[in-house]
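**Student:** got a structure for you, letters missing:
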């Protein structure tokens, strides 16, 4: 299957072709990191997804990060002052 990655910089639009979804995801994330906007990965059926959506489909949702508590835990072996 073929995948198209589309991205925009100012008024210019760019399109790139990749043969695998993993390579399309990698390229799409690189384009986002480079500051390009409206990055979309389009599959052979015409379905458009952002790199974040593709990553979530491939690898599942990212686990929630626990919020740091206000009372920091002391390392084991630490003594009270």
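**Tutor:** Cool, got the structure. This structure is a prediction, so every number in the text was calculated from the model and none was measured. Numbers count the residues shown, from 1 in each chain.
**Student:** Could you give me the buried positions within the helix or strand containing residue 31?
**Tutor:** Residue 31 belongs to helix 21-33 when assigned by DSSP states H and E. Using 16 or more other CB atoms under 10 Å as the test for burial, helix 21-33 gives 24-25, 27-29, 31-32. Placement of C-beta: from N, CA and C, glycine included.
**Student:** Can you pull the phi and psi angles for residue 35?
**Tutor:** When read as degrees, to the nearest 10, the backbone of residue 35 gives phi 100, psi 10.
**Student:** Check residue 36 too.
**Tutor:** phi -80, psi 150.
**Student:** Residue 48 now?
**Tutor:** phi -100, psi 130.
**Student:** Next one: the spatially most central residue of the chain from residue 62, what distance?
**Tutor:** Geometric centre of the chain, nearest residue: residue 52, 3.8 Å, by CA atoms, centre = their mean. Counting by CB to CB, to the nearest Å, the gap between residue 52 and residue 62 amounts to 9 Å.
**Student:** Residue 5 now?
**Tutor:** Distance of residue 5 to residue 62, computed by CB to CB: 22 Å.
**Student:** For those two, indicate the residue with more neighbours.
**Tutor:** The neighbour comparison of residue 5 against residue 62 (other CB atoms under 10 Å) goes to residue 5, with 24 against 9.
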